[in-house]
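1. I need the structure of the sequence given here:
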Amino acid sequence: MFTKLSVLIISLVVFNTAHAQLSITGQVSSLKFLGDVGQKNNANFFSDMRLGYNLGIEYRIGKVLGIGVDGMYGKLAGTDNSSSSHLNFESQVMGGALNLYAFFDKLGDQTKEVSPFIHAGFGYLMFDPYGDLRNKNGTKYNYWADGSIRNLSESAINDPVSMIIKRDYTYETQLKDSASNYARNTFYIPIGIGAKFNMGFRTSLRVGVTYNLCMSDYIDNHKTGGNDSWASANIGLNIHFGKKPKDAFSNVNFKDLDNADTDGDGVKDVVDKCQGTPRGLRVDSKGCPDDKDGDGVFDYMDKEPNSKKDAKVDANGVTIDEELMARRQLQWDSLSVERSEGFNNAPSLTYLEKIENKSKENKGRNAVKIPAELASADMNKDGYISAREIKETIDSFFDGANTFNVETINKLIDFFFEQ
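-> Alright, predicted model coming up:
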């Protein structure tokens, strides 16, 4: 059976390596028998633990579900050390199981680096219990009431002539039940939980525990009460095969992004300091139009192209005097208070629309020119940034569909309150 299972595993691996969600898992396990023999044990709980080995393949059906086939090989053992029972056994076990998995690493927007998983299935197990009943010389163990093991049975006559011997823990005698010629194979149900740690390079670390419920009570050659079972603590590596799963950026052409020139001024977006320049204008190496008088307003939108050096100008490039500056400052202070007390504390489209309607009622639309770097937000090209256009620009920013950044978004909101 074990040979056939191995052939099945190898065949499935060869047949399915082209699939992106196929993987192989190799694990080392610590096996603890939970049955009749070993219940009367006053020794260390871990003394009956044995090593086991697992090799399996898995195929992910979707984000959560997966199926897997695994083969296992190891040993189960138990020893009673009480004064009333000195049973012991060790059995090599081989088998395999079909499991259904539930993984939680791909729930949400991103694959998790650490995530839990659960599984349950149905398996087939072969076993053959042996007992350590004699030492290497063939002498039978005789357990005396004083806790010693001797070469003769306990009696007053044998007391002076018996010799103390020690167990050699070599399980040399095949155990049989005189009342039943039981089958040395059984079905079992594995139920487990574990954690997956993504290590990169298509590899993950698996740790977990599994409880295995057998359909037989003879794994230890001793039938008393319910069926036997065993628990295992597992650690191993999982390696993925086939095509690499697509990530969030698999369809992005980064070369095109590097060479993009949204405003068509001949300067790539990655170095363009003045996005949204109107087509046909001459620009410098940074993508910015001419500003001959150096007032910060580009010539194509400057209504006073020859302002004096260091002159204070408005958004149209027109010189403003001290009195006008003072009025503008008062207006800006008022807007700043209104923004900080309203929009900054509870930003919403409703609040922006309220400010927009209030502005229209009081003074109508201002004729202030929209700065070039904000011009793309004027989607209907009416020379006015509306509350709705603010919202759509911010949505596009988060979707990566425009060239705005955090700084220009803040400038756009400031301009909305100023216009």
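2. what does the model give the nearest residue to Phe187 once chain neighbours are set aside for pLDDT?
-> Of all residues not flanking Phe187 in the chain, Met215 sits nearest, at 4.6 Å (C-beta to C-beta, 6 or more residues apart in numbering). From N, CA and C alone the C-beta is placed, and that goes for glycine too. For Met215, the pLDDT comes out at 96.
3. where in the chain is pLDDT low?
-> Counting by pLDDT under 70, the chain contains low-confidence ranges at 1-20, 41-44, 242-252, 254, 321-347, 358-367.
4. which residues of it fall in strands?
-> Secondary structure of the chain (DSSP state E): strands at 22-34, 50-60, 65-79, 88-103, 114-131, 142-143, 149-150, 173-174, 185-200, 203-214, 229-240.
5. residue most distant from the centroid, this protein?
-> Most distant residue from the mean C-alpha position of the chain: Ile157, 70.8 Å away (C-alpha atoms, centre = their mean).
6. how close does that one sit to Tyr143?
-> With distances taken as C-beta to C-beta, to the nearest Å, Ile157 is found 18 Å from Tyr143.
7. what's the neighbour count on the closest residue to Gly383 other than its chain neighbours?
-> Closest residue to Gly383 apart from its sequence neighbours, by C-beta to C-beta, 6+ apart: Ile370 at 6.5 Å. Neighbour count for Ile370, taken as other C-beta atoms under 10 Å: 20.
8. contacts for stretch 157-173?
-> With contacts defined as C-beta atoms under 8 Å, 6 or more residues apart in numbering, stretch 157-173 is touched by 88-90, 130-136, 139, 141-142, 148-152.
9. my bad, should have said stretch 388-402
-> The contact list for stretch 388-402, computed with C-beta under 8 Å, 6+ apart, reads 349, 352-353, 376-380, 404-405, 409, 412-413, 416.
10. check stretch 276-289 too.
-> Looking at what lies outside stretch 276-289 - C-beta under 8 Å, 6+ apart - the contacts are 262-267, 271-275, 290, 298-300, 372-376, 403.
11. so what's the residue lying closest to Asp261 once chain neighbours are set aside up against?
-> Using C-beta to C-beta, 6+ apart and skipping the chain neighbours, the partner closest in space to Asp261 is Lys268 (5.6 Å). Lys268 is in contact with Asp258, Asn259, Ala260, Asp261, counting by C-beta under 8 Å, 6+ apart.
12. would you list those residues in a markdown table and tack on neighbour count and distance to Gln21?
-> Shown next, in a markdown table, are those (neighbours: other C-beta atoms under 10 Å; distance: C-beta to C-beta, whole Å):
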| residue | neighbour count | distance to Gln21 |
| --- | --- | --- |
| Asp258 | 10 | 32 |
| Asn259 | 11 | 35 |
| Ala260 | 13 | 34 |
| Asp261 | 13 | 40 |
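13. list the contacts for the residue nearest the centre of the chain?
-> Closest to where the C-alpha atoms of the chain average out (C-alpha atoms, centre = their mean) is Lys112, at 1.7 Å. Lys112 makes contacts with Phe104, Asp105, Lys106, Asn198, as judged by C-beta under 8 Å, 6+ apart.
14. make it 7 Å
-> Counting by C-beta atoms under 7 Å, 6 or more residues apart in numbering, Lys112 touches Asp105.
15. and the nearest residue to Ile191 once chain neighbours are set aside, how many neighbours?
-> Excluding its sequence neighbours, the residue lying closest to Ile191 (C-beta to C-beta, 6+ apart) is Ala120, at 4.8 Å. Ala120 is flanked by 16 other residues according to other C-beta under 10 Å.
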